[in-house]
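> got a sequence here, can you build the structure:
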Amino acid sequence: MTSPFDIQGRVIVVTGGLGQLGRRFATALLAGGARVALIDQSVPADLSLGGAVPAALQDNLLCLASDVTSREALEAALAAIEQRWEAPFGLINNAAIDSPPNAPATENGPFETYPEASFDRIMDVNVKGVVLCCQVFGGRMAALGRGSVINIGSIYGVVSPDQALYQYRRDDGEVFFKPVAYSVSKSALYNLTRYLAVYWGAQKVRVNTLTFAGVFNRQDPRFLERYLPKVPLGRMAEPDDYVGPIIFLLSDAARYMTGANLVVDGGFTAM
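Numbers count the residues shown, from 1 in each chain. Have a look, this model is predicted:
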């Protein structure tokens, strides 16, 4: 009997595929029998993705250099995918940027002086990039009458960043606040998801948001001391924590789920 979680043979597009989460999604989907088109700004020289993809599965991996803010580039990527396999069944809008912790003081400074250029750059990737990917890849799915789109959200699109988490940096003499643009960009995805779920409902394309919490990546212990008490499960996420929900939303197990927000955050937003 076929499992409702079966994704065997499905062509899945993963944007931001070379990032910490994108790589893990790609390897998990490949292990599940999917064919994965990994999109990022560059193409990795090593199709094993650092040894995570065995040689037997590398024929099911297509790596494409593309710019999610360029419709022309995305249309070229779609053509390459269809030439190699067929039109995508799934799209994971994972590509996103934020102001890094070591960004200039002006970028991580007070809201009142947050640079307009920084806001535009983040919104361009995190919102416009998702819209364009939905138009190009999701539009092709809708034309064929099937598919699943997953927009990757964030706890900081649901609740405001707690600036007290970063007090240790101000105690060190820095002027540091979690910037506004990432939160604004991630919150925009929830209504984009609802809009497209309704718009494409008759075409049997399901569109859902998957909201994540922070992923452990050797953060400063002083940050962890403040962050972990806000998580009922007591830890930051590992990339593996998000694999199950990704496969669920791409599979027929979620065939009656659209326009929803699946929150996988260790309980952070329940506090």
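
> tell me where the stretch 51-200 of the chain has strands.
Secondary structure of the stretch 51-200 of the chain by DSSP state E, counting those that start in this stretch: the strands cover 61-65, 90-93, 147-154.

> neighbours of V184, how many?
Neighbour count for V184, taken as other CB atoms under 10 Å: 16. For every residue, glycine as well, the C-beta is placed using N, CA and C.

> buried deepest among the strands of the stretch 51-200 of the chain, which one?
Neighbour counts (mean count of other CB atoms under 10 Å) averaged over each of the strands of the stretch 51-200 of the chain peak at strand 90-93, with a mean of 28.

> what strands line up against it, and which way round?
With DSSP bridges as the test, strand 90-93 is paired with strand 11-15 (parallel), strand 147-154 (parallel).

> compute the number of surrounding residues for P239.
When neighbours are counted by other CB under 10 Å, P239 comes out with 19.

> begin at 630, not 1, for the rest of this chat.
That works, and once the first residue is 630, the last one we named lands at P868.

> quick check: the closest residue in space to it that isn't next to it in sequence vs V827, distance?
Distance criterion CB to CB, 6 or more residues apart in numbering; nearest residue to P868, sequence neighbours excluded, is R653 at 3.8 Å. R653 is 31 Å from V827, where distance means CB to CB, to the nearest Å.

> ok, these two, which is more surrounded?
Remark: of R653 and V827, R653 carries more neighbours, 21 against 12, as counted by other CB under 10 Å.

> which helix or strand contains that one?
Secondary structure assigned from DSSP states H and E places R653 in helix 649-660.

> which neighbouring elements make contact with that helix?
strand 640-644, strand 664-669, helix 872-879 (3 or more CB pairs under 8 Å, 6 or more residues apart in numbering; DSSP states H and E).

> any idea how far that helix is from the chain center?
Relative to the centre of its chain, helix 649-660 is centred 12 Å away, using CA atoms, centre = their mean, to the nearest Å.

> got the buried residues for that helix?
Neighbour-count burial for helix 649-660, counted by 16 or more other CB atoms under 10 Å, picks out L650, G651, R652, R653, F654, A655, T656, A657, L658, L659, A660.

> now stretch 674-682
For stretch 674-682, the neighbour count (16+ other CB under 10 Å) marks L678, V682 as buried.
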